[in-house]
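Engineer: A structural model of the following input is requested.
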Amino acid sequence: MLENNSFDVYKIVKSGTDFLLRHGFDSRQANISSTILAEYCLHAPLYMAQNFTVDQLDKFTELIVKRSEFVPLQHLTGIAHFRYLQLACNKNVFIPRPETEMIIDEVIDYCNNAKKDK
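Structural biologist: Numbering: from 1, shown residues only. Sure, this is the predicted structure:
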């Protein structure tokens, strides 16, 4: 996947993005996926890291290859975000959808308004 031996964070993220582009991802999804997987492997936001370790690079490469097969990010990272929560996630559970969050917000607003009306 990587054309050079540099472990520079931004070069590696760009390489991951390019790899996903070649496997059918649009540019936005490729960049988001590569960034999220890099931050997951680094255990830090990109701006706080300078280089990958060899182990981190190996893990990133493994995850990018799986992502190129359209495995959901949540299954790769084991984390799904839902409202204000981080939920454990794997291939055996449904991934919460943004539409579900919107419905929950509406229900909460409805309940809060019903309380006020009493």
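Engineer: pull the longest helix from the chain.
Structural biologist: The residue-count maximum for a helix in the chain (DSSP state H) belongs to helix 98-117.
Engineer: buried ones in that helix?
Structural biologist: For helix 98-117, the neighbour count (16 or more other Cβ atoms under 10 Å) marks no residue as buried. No exception for glycine: its C-beta is placed from N, CA and C like everyone else's.
Engineer: just how off-centre is that helix within its chain?
Structural biologist: 27 Å (Cα atoms, centre = their mean, to the nearest Å).
Engineer: what packs against it?
Structural biologist: If contacts are counted by 3 or more Cβ pairs under 8 Å, 6 or more residues apart in numbering; DSSP states H and E, helix 98-117 sits against no helix or strand.
Engineer: I'd like the mean pLDDT over it, please.
Structural biologist: In this model, helix 98-117 has a mean pLDDT of 88.
Engineer: which residues touch it?
Structural biologist: Phe82, Arg83 (Cβ atoms under 8 Å, 6 or more residues apart in numbering).
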